[in-house]
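Novice: Compute the structure for the input listed below.
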Amino acid sequence: MSQLPYMLRETFSSLRSNVAMVASVVLVTFISLSFVGAAALMQIQVAQMTDDFYDRLEVSVFLCTENSPEVACPTGAVTADQRENIEEMLTTGAASQYVDSFRYESQEEALENFVAGREESIRAQALTPEDMPESYRLLLVDPQEYPIVSELFAGVAGVENVADQQEVLDQIFGILNGLTVIALIIAAVMILCTVLLVSTTIRLAAFSRRRETSIMRMVGASKSMIRLPFVFEGIIAAAFGSLLACAATWVIAEFLLGQWLAEQVSGVQFITAADSWIVMPGLVLIAVLLASLASWVTVRRYLRV
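Specialist: Numbering: from 1, shown residues only. The predicted structure follows:
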């Protein structure tokens, strides 16, 4: 324990004498772990969006109209008896166990919803309620059971087709997951640069203090007493860079996602700064572990004690 003050003094002395290299380690660690933090935040956001969207995922059972293709609707537009049969399937029939709730959308409501936001479109202005299909909008107990519900209504008289929003959501989540992979690849390259830079910094520090270490060996200093200041140097530089990365992660979560994107995109619940605190300990731990390993291996290889 009495050796600790000496080792700390040696560590900070080396940090002062290698300011440029230490600053490089801090900067590269900051950039690399910022990418790691951004990727982690993106995965938290994807998981939250998945749960939120799946809770609100609607399955649409579109009914036949006069304009429906004969292959899908050989009997023409849906009749009152066919509509009753479909509602019975939803309330007490085979589909009821999979359906949490449902609502009916008339042709007039379908047109109103379609035209909303498209008032300037010539095509929208030319549409009439008869051009739009009636539908039942279903919320499922388990959205993953959509194929079962689709199969139940396939071939039912009066039903043209069954559709859900999962395909669109899968495309969105695929893009987000792709961005996460890109961020992780960049982070991996930058982390490799960090490890190499830490090793180089320790090598230079060991070379510049080779006379001191020789004297310490001659007076009987232990291996750990000689090596640990170099290891501490790498850990302190990387840890400082990780703290900057933690700050960047907080800024991304608080301002980019929690405020700016939340204002730009309505209907989506974005993560906040509170979620960044989940990521921060991992960033610091990664920095300390990598720096410790890189420093110790370098010291053992280039500092013969």
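
Novice: which other residues reach stretch 129-140?
Specialist: 56-68, 78, 83, 86-87, 90, 98-108, 110-111, 114, 146, 149, 160 (CB atoms under 8 Å, 6 or more residues apart in numbering). Just so you know, the C-beta spots here come from the backbone N, C-alpha and C atoms, and that holds for glycine as well.

Novice: Only whichever of those are buried, select them in ChimeraX.
Specialist: In ChimeraX syntax, the buried subset of those is picked out as below (16 or more other CB atoms under 10 Å):
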select :57,58,59,61,62,63,64,65,68,78,86,90,98,99,102,105,107,110,111,146,149,160
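
Novice: Please narrow the contacts of stretch 129-140 to those residing in strands.
Specialist: When DSSP state E is applied, the contacts of stretch 129-140 are split such that 58-63, 99-105, 160 fall in strands.

Novice: Check Ala77 and give its pLDDT.
Specialist: What the model reports for Ala77 is a pLDDT of 89.

Novice: pretty sure Ile235 contacts Ala291?
Specialist: Yes: contact between Ile235 and Ala291 holds when scored by CB atoms under 8 Å: they sit 4.7 Å apart.

Novice: So between the two, which is more surrounded?
Specialist: Counting neighbours by other CB atoms under 10 Å for Ile235 and for Ala291 shows that Ala291 has the greater number, 29 against 22.

Novice: And the more buried one, how far from Val149?
Specialist: Per CB to CB, to the nearest Å, Ala291 is found 54 Å from Val149.

Novice: same question for the host helix or strand of Gly282, mean pLDDT?
Specialist: Assignment of secondary structure by DSSP states H and E places Gly282 within helix 273-302. The predicted model gives helix 273-302 an average pLDDT of 87.

Novice: buried stuff in that helix?
Specialist: Within helix 273-302, judged by 16+ other CB under 10 Å, the buried ones are 273, 275-276, 279-280, 283-284, 286-288, 290-292, 294-296, 298-299.

Novice: show me what contacts the closest residue to Val268 other than its chain neighbours?
Specialist: Once flanking residues are discounted, Val268 sits nearest to Met49: 6.5 Å by CB to CB, 6 or more residues apart in numbering. By CB under 8 Å, 6+ apart, the contact set of Met49 is Phe173, Leu176, Val268, Gln269.
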